[in-house]
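could you work out the structure for the sequence below:
(chains A and B)
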Amino acid sequence: MAVRTKPVRIFESDHAPLRLLAELERRSPQEVFHAALAEYLESHRDELAAVFTETQRAIAAGDLDALTVQLAASAEAQADALMATLPESG
Amino acid sequence: MAVSGGELIPRITARCLTDDLGLPADIVDHTIDELARANDVIAAFRDRRAEMGSPGQEPIRSLLPEIVAFSLHVGRRRGATWHHREAGVIWLLAVGYHREGHVDDAYAYFARLKAAGRLLPDRDDMLAFVSSQAPTLARSLLNDVPALVATAREHPGLIHSGTIAGRIRIVSPATRPIRRC
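Model (predicted):
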């Protein structure tokens, strides 16, 4: 059965290792990425659960300040992710 | 992050604000209405781009093909505006005077900024944008999430779609009742 895919940008330096891993494992890069994501979710289960719980609590309590702090904590990562979507220029 | 039509979030790069418009960098996070009162190019940017939800009509040829930015006309001045689709933002990148054939012509200036890698928003611009959105997004989450949850509880067995913060779409893959096994 065909599995639908969507594009995702990765760091340029990760591209060659990803292709190499896929070839070594005789899997597609998508399968390697999928497996890596599953492992990440498993290994960060506790941290993610804590973030979800705190966010749930803030929403349930209507705690605007706590929610703002939660969202602001990821600002650096969000900024980097958006920078990666800028067109090449210069 | 999916963006659902309608208004675009207006942002001005710090370089444009200071170098081109002569305004202090520390007002970059002021509301667009406050900035529009300080400068008529910003007012036109707000009215014709952000509020209309329009990226523009006239592409700036000197920036193609890498950057599809559009020309904003305000008297003899020209602004370069660019729709950053992934962020849901319309950026005012640069402003200059249109002097046909002159070395200081706005379009030649835009091309020089592009070549120098100074036209598009830099990381500080992006961080300022993301940080500015945290309180807005938080406020929207407090309003939108409980409403979506309430709707879902009223109609159990259906997958619902909705919008968070006016621009993040939650799209359902199906609208038929979920079959329970």
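
got the phi/psi numbers for B:Arg77?
Dihedral pair for B:Arg77: phi -90, psi 150, per degrees, to the nearest 10.

same check, this time on A:Leu48
Taking degrees, to the nearest 10 as the convention, A:Leu48 sits at phi -60, psi -40.

for burial, what's the neighbour tally of it?
12 (other CB atoms under 10 Å in any protein chain shown). Just so you know, the C-beta spots here come from the backbone N, C-alpha and C atoms, and that holds for glycine as well.

isn't it right up against A:Leu41?
Yes. Checked against CB atoms under 8 Å, the pair A:Leu48 and A:Leu41 is within contact range at 7.1 Å.

how many other residues sit next to residue 14?
Went with chain A since none was named. The burial count for A:Asp14: 10, using other CB under 10 Å.

nope, chain B please
B:Ala14: 19 neighbours (other CB under 10 Å).

just give me the neighbour total for residue 17.
Reading this off chain A. By other CB under 10 Å, the burial measure for A:Pro17, its neighbour count, is 11.

please refer instead to chain B.
Residues near B:Leu17, counting by other CB under 10 Å: 24.

am I right that it is in a helix?
Yes. Counting by DSSP: H, G, I helix; E, B strand; the rest coil, B:Leu17 is located in a helix.

I figured B:Lys114 hits B:Leu63, correct?
Yes. Proximity of B:Lys114 to B:Leu63 meets the contact threshold set by CB under 8 Å, at 5.6 Å.

which parts of stretch B:133-153 are buried?
For stretch B:133-153, burial by neighbour count (16 or more other CB atoms under 10 Å in any protein chain shown) applies to B:133-134, B:137-138, B:140-142, B:144-145, B:148.

among those residues, name the ones that also lie close to chain A.
Counting by CB under 8 Å from any CB of the partner chain, B:133-134, B:137-138, B:141-142, B:145 from these sit close to chain A.

for the residues you listed, which one is nearest B:Arg78?
B:Gln133 (28.4 Å; CB to CB).

run a quick neighbour tally on residue 39.
Because you didn't say which chain, this covers chain A. Neighbours of A:Glu39 using other CB under 10 Å come to 10.

oops, wrong one, chain B.
Neighbours of B:Asn39 (other CB under 10 Å): 19.

do the one 3 residues further on as well
For B:Ile42, the number of neighbouring residues by other CB under 10 Å comes to 26.

B:Arg49 contacts B:Pro55, correct?
Yes. Between B:Arg49 and B:Pro55 a contact is recorded at 7.3 Å, counting by CB under 8 Å.

more neighbours: those two, which one.
B:Arg49 (24 against 17).
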